[in-house]
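Enquirer: Just the structure for this:
(one chain, ligands or ions: 1)
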Amino acid sequence: MKNNANKLNKSKIIKLEELNWKQIENLDKNKTIFFLPISPLEQHGPHLPVGTDLLTIKDVVNNAVKILNKKNPDLTFVLIPPIPIGYCKFNTEFPGSISVSGKVVRDVVYSVGSALGNHKFKYMVVCTFHLAVGHLRGIYSAMKKLESEFDLKTCEPWGPIYFKRDIEKREPKLGFDTSKEVHGGFRETSLMKYQYPYLVDESYKKLQSIYRDVMSPRVLGKNFKEIGLKDGYIGSPARADADYGRWFFNEIVNVFVESTLKLLKGEQQEELPNYIKVAMKALFWQ
Ligand SMILES: [Zn+2]
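Expert: I've put the predicted structure just below:
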């Protein structure tokens, strides 16, 4: 019987773990783009699952790849399995948060990228929904190393858009200040109500709004409990709305699609704002 396993079915999302090395070797190095989702399990308040960032990034990448497949049938988009790690030390006072050092994040991203670069692949999109500075530092130092050591072009789409507050400029009028929604608040609760309503505990409706400026020097280096966040969220989860969740989800997907197209065209990516770059440099590896 003829074995067609080596033929790729491009109408389906291509997952790296389902390919054999022969199929991988046969991919066109200049026309294949890999996606590496990497976000930790981290507490997101008493109402959201610890996998909020991981589930979100996994679904965002899936949807972005579906759109990209339609737009660019001559290219091959390959999904690397989501890696459930990241730096979130400030949240480990809560059970379920698993933090690795920024160095480990760097080593993992570098190892994956160099495995591709060593075989002459050209493109990798590093996908995270978790944006702790220590996590980003790991990702960006790995990307820098990969770009200089290999002919591998990389990008991280979400950090620049989030920190430049572009979402606040684009989002529908809501009648309240969304700039203080940081963690497990209105935005993430809305996202989960849209994506995984059965994983959102109904108690979210009664949670009070709590705000903290996590970038302020006063709170830098402290964990959530030390700055009075005993329930583990920052923002106003009670306002959550699945329709906003749908809008936000699609907006994130579009950011990933646009950023991937820019990567392919060799166009300049959005950059992290300076205050984040400065914070990344100032940080010790921990
Ligand atoms: Zn999150």
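Enquirer: can you map out the helices along the stretch 51-200 of the chain?
Expert: Secondary structure of the stretch 51-200 of the chain (DSSP state H, counting those that start in this stretch): helices at 52-71, 102-117, 133-149, 158-163, 166-170, 186-195.
Enquirer: Which helix or strand lies directly C-terminal to the last one?
Expert: Tracing the chain past helix 186-195, the next element assigned as helix or strand by DSSP states H and E is helix 242-265.
Enquirer: what comes up buried for the helix or strand following that following helix?
Expert: Later in the chain than helix 242-265, the nearest helix or strand by DSSP H and E is helix 274-282. Within helix 274-282, the residues that qualify as buried are 276-277, 279-280, counting by 16 or more other C-beta atoms under 10 Å. Yep, even glycine has a C-beta here, placed from its N, CA and C like the rest.
Enquirer: before we move on, what about stretch 142-154?
Expert: Buried positions in stretch 142-154, judged by neighbour count with 16+ other C-beta under 10 Å: 142-143, 145-146, 150, 152-154.
Enquirer: And for stretch 105-123?
Expert: Using 16+ other C-beta under 10 Å as the test for burial, stretch 105-123 gives 105-106, 108-110, 112-114, 116-117, 121-123.
Enquirer: again, but for stretch 229-244
Expert: Buried residues in stretch 229-244 (16+ other C-beta under 10 Å): 229, 231-240, 242, 244.
Enquirer: Give me the contact list for that stretch.
Expert: Outside of stretch 229-244, the residues within contact range by C-beta atoms under 8 Å, 6 or more residues apart in numbering are 43-48, 91, 94, 171-172, 174, 176, 180-190, 193-194, 197, 200, 204-212, 214, 224.
Enquirer: about what we covered before: now for the buried residues of stretch 229-244: which two are most distant?
Expert: Farthest pair in these (C-beta to C-beta) is L229 and A242. Separation: 25.1 Å.
Enquirer: now the helix or strand of the chain at the bottom of the mean pLDDT ranking, how far from the centre of its chain.
Expert: Ranked by mean pLDDT, DSSP states H and E, the weakest helix or strand in the chain is helix 166-170, scoring a mean of 87. Mean-position distance between helix 166-170 and its chain equals 18 Å (C-alpha atoms, centre = their mean, to the nearest Å).
Enquirer: Any buried residues in that helix, and which?
Expert: Within helix 166-170, the residues that qualify as buried by neighbour count (16+ other C-beta under 10 Å) are I167.
Enquirer: cool, stretch 9-25 as well?
Expert: For stretch 9-25, by 16+ other C-beta under 10 Å, it's 13-14, 16, 19.
Enquirer: Put the alpha carbons of that stretch into PDB.
Expert: This file holds the C-alpha atoms of stretch 9-25, laid out as PDB (Å, rounded to 0.1, in the frame of the first residue of the first chain):
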ATOM      1  CA  ASN A   9      -2.200  18.200   4.200                       C
ATOM      2  CA  LYS A  10      -2.200  21.900   4.000                       C
ATOM      3  CA  SER A  11      -5.900  22.400   4.600                       C
ATOM      4  CA  LYS A  12      -5.200  21.400   8.200                       C
ATOM      5  CA  ILE A  13      -3.100  23.300  10.700                       C
ATOM      6  CA  ILE A  14       0.400  21.800  10.600                       C
ATOM      7  CA  LYS A  15       1.800  20.800  14.000                       C
ATOM      8  CA  LEU A  16       5.400  20.200  14.400                       C
ATOM      9  CA  GLU A  17       5.000  17.200  16.700                       C
ATOM     10  CA  GLU A  18       3.000  15.400  14.000                       C
ATOM     11  CA  LEU A  19       5.600  15.600  11.300                       C
ATOM     12  CA  ASN A  20       8.500  13.200  10.700                       C
ATOM     13  CA  TRP A  21      12.000  14.500  10.100                       C
ATOM     14  CA  LYS A  22      11.700  13.700   6.300                       C
ATOM     15  CA  GLN A  23       8.700  16.000   6.000                       C
ATOM     16  CA  ILE A  24      10.500  18.700   8.000                       C
ATOM     17  CA  GLU A  25      13.600  18.400   5.900                       C
END
